[in-house]
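S.K.: next come a sequence and a model predicted from it.
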Amino acid sequence: MSVQQPWAFAIARGGKSVSNQSLPSAYRGPILIHASMRVDLKACDSPLIQAAGWDPRDPLATIGAVIAVAELDHVCSAAVGNASCDCGPWAQPGLHHWHLTGIRALPRPIVALGRTDLWQPSPTLVNEVNTMFALNS
């Protein structure tokens, strides 16, 4: 899943466990957190982002790279129908809330191309992520 910075950083380092998406997903399971090539400059000053420890000098603040792995555990769509939900401070009204668990930041970013929707990583990229975790455990 590709996510703009600084939101991707907040997932990898700052405890952001909800990703706000315009569409739901039936997929559940492991997911790579890819920092897209775009930066949401207005978000950099957000109190939530600042509380997450946003630091543009951190290697995980990079763009165009996989920076973490997580599990897509469940999706809450209550807010899409203007119903209330208890998805926490990261959840935005009117969007689907993809709940991420088991988030693990990579020891260093892995440069990769992403896409705006869910995408299937190459076997080589998955192997590189798994090797990186095995060497750093």
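M.R.: Structure's in. What do you need? In this text the structure is predicted, and so the values were computed from the model without any measurement.
S.K.: now do the strands in the protein.
M.R.: Using DSSP state E, the strands found in the chain span residues 2-5, 18-21, 29-39, 65-76, 96-111.
S.K.: tell me the mean pLDDT for the fourth one?
M.R.: For strand 65-76, the mean per-residue pLDDT is 97.
S.K.: that strand pairs with which strands, and in what direction?
M.R.: The sheet places strand 65-76 alongside strand 29-39 (antiparallel), strand 96-111 (antiparallel), with pairing taken from DSSP bridges.
S.K.: winner for burial among those?
M.R.: strand 29-39 (a mean of 19; mean count of other Cβ atoms under 10 Å). Every residue, glycine included, has its C-beta placed from N, CA and C.
S.K.: contacting residues around it?
M.R.: Contacts with strand 29-39, where a contact means Cβ atoms under 8 Å, 6 or more residues apart in numbering, come from 1-6, 8-9, 11-12, 60-72, 100, 103, 109, 112, 114, 116, 118, 121, 125-126, 129.
S.K.: good, we can wrap up now.
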